[in-house]
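Q: show me the folded form of this:
(one chain, ligands or ions: 1)
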Amino acid sequence: MSKTNHESNKDSGTRAYLAKSPAELENILAIELEKLGATNIEILKRAVSFEGDQKLMYKANYHCRTALRVLMPLCQFIFKDENDFYDQIKEINWEQYLEASQTLSIDSTIGSSIFTHSHYVSQRAKDAIADRFRERYGIRPSVDLENPDLRINIHIYRDTVNVSLDSSGASLHKRGYHTVNAEAPLSEVLAAGMIMLSGWHGECNFIDWMCGSGTLLIEAAMIAMNLPAGQFREEYGFMKWPDFSEKLWLEVKQEALENQRDLEVEIIGSDVSQKNLRAAESNVRNAYLHKDIKLKVADFRDIRPPQGAGILISNPPYGERIRVDDLHDMYKEMGNALKRNFEGYKAWLISSDFHAIKLVGLKPMSKKILWNGQLECRFVGFDLYHGSKKDRFDPPSV
Ligand SMILES: C[S@@+](CC[C@H](N)C(=O)[O-])C[C@H]1O[C@@H](n2cnc3c(N)ncnc32)[C@H](O)[C@@H]1O
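A: Below you'll find the predicted structure:
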């Protein structure tokens, strides 16, 4: 068995990590990690590998808006068959990470003909770990899928197994503020990724005229105020690790606190549905942003933005629940409303209905592929600039 990352580099305390991201947001995540001080950053498929010390791993979990989880690879090995897999998992020094009285859960992903069911891989790995503990100590850790003390991640590709510990615990899209859902809410990670792809960091007013449960508005406010992604989240996997340093964690939080800034622009959300707007109000309140984000019930056709430069980012319906004819009319009217009322603004819309996006009838300045769950989407930017250059918001290209 190769113990590639089993021990950290004792001198510097650095070791390798792997942050998972949604497809197409890997570059943004790499930029986030670089800003935090990560080294040896490599962009992979739906993941970014990097190196750093323990504090950097805490920071990656706390700050990265486009990370889904941060894994700490333990080892990699080649296996011949199911029994060999079991034996090699059993060989790992699990006592270093877990006590027999604690709980574990195992997530597996497979791309191999040796195993065909990821659930079965998790089961065999759990047996191997339990047998190791039972043989040595007479007791074994039990499984807790909801809130385990240790989350283990197993990735199998062909005959190669990568075993990692999940330092995040629950997925990092669970920010802690989103307790009330409206219909079809965006993942917080995707919402943050959209805003970061647009290049907006809080330089001008921000509007979402179909805000649903308020995800884009809250993520925008957090970006503008430099609030860490995990500001409202209480738990991370690494907090239950034997080497957890409360002191280091408090340092990470204190540094984040010192870097927060006031909101200097307007963040405005609206939605035609009173019920959805109520969900937005609850979530905004959970994030203590009710004094910063303005909300109202309104049809998008009636929205008049504040004067000057600004950005609109929105996630309109894609047509799962409404008739396509009506939906297509709606996209045409969105184009008309943007032209008529949003002079000086940039506007970005995400949709899985590529035809509908064309019906907006404006020439895109930028078009990016994104995935909303299983739905392939286009995230399309329009420049509604007609006025003087001084009012213009020209973000750096990402
Ligand atoms: C896909 S959902 C947005 C979800 C949101 N991004 C979130 O994270 O919760 C689309 C929203 O558009 C709203 N909507 C539909 N037609 C509208 C209209 N004519 N004017 C304003 N909002 C509208 C719906 O009420 C719904 O909340």
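
Q: show me what residue 39 is bridged to.
A: residue 51 (DSSP bridges).

Q: which residues of the stretch 101-250 of the chain lie near the ligand?
A: Within the stretch 101-250 of the chain, the positions near the ligand by Cβ under 6 Å from any ligand atom are 182, 183, 184, 185, 186, 209, 210, 212, 213, 215, 216. Where you see a C-beta, it was placed from the backbone N, CA and C, and this is true even at glycine.

Q: the last one touches residue 313, doesn't it?
A: Yes: counting by Cβ atoms under 8 Å, a contact exists between residue 216 and residue 313, whose distance comes to 5.6 Å.

Q: common neighbours of those two, please.
A: Taking Cβ atoms under 8 Å, 6 or more residues apart in numbering as the contact definition, residue 216 and residue 313 share the neighbouring residues 194, 195, 208.

Q: buried set for the host helix or strand of the second one?
A: Secondary structure assigned from DSSP states H and E places residue 195 in helix 188-198. Burial within helix 188-198, assessed by neighbour count using 16 or more other Cβ atoms under 10 Å, is assigned to 188, 189, 190, 191, 192, 193, 194, 195, 196, 197, 198.

Q: surely the fifth one is in contact with residue 218?
A: No: using Cβ under 8 Å, residue 192 is not in contact with residue 218, being 9.6 Å away.

Q: on that earlier part again, from the buried residues of helix 188-198, which is closest to the ligand?
A: Comparing these against the ligand with Cβ to the nearest ligand atom picks out residue 191 as the nearest, at 6.4 Å.

Q: what's the nearest residue to the residue of the stretch 101-250 of the chain found nearest the ligand if we skip its chain neighbours?
A: Checking the stretch 101-250 of the chain residue by residue against the ligand with Cβ to the nearest ligand atom singles out residue 212 as nearest, at 2.7 Å. In space, and not counting its chain neighbours, residue 212 is closest to residue 182: 4.0 Å by Cβ to Cβ, 6 or more residues apart in numbering.

Q: ok, now which ones touch that neighbour?
A: Contact analysis of residue 182 by Cβ under 8 Å, 6+ apart lists 212, 213, 271, 273, 275, 276, 279, 280.

Q: that older thread, in CSV, list the shared contacts of residue 216 and residue 313 along with distance to residue 375 and pLDDT.
A: As requested, the shared contacts of residue 216 and residue 313 are arranged in CSV below (distance: Cβ to Cβ, whole Å; pLDDT from 0 to 100):
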residue, distance to residue 375, pLDDT
194, 14, 98
195, 19, 98
208, 19, 98
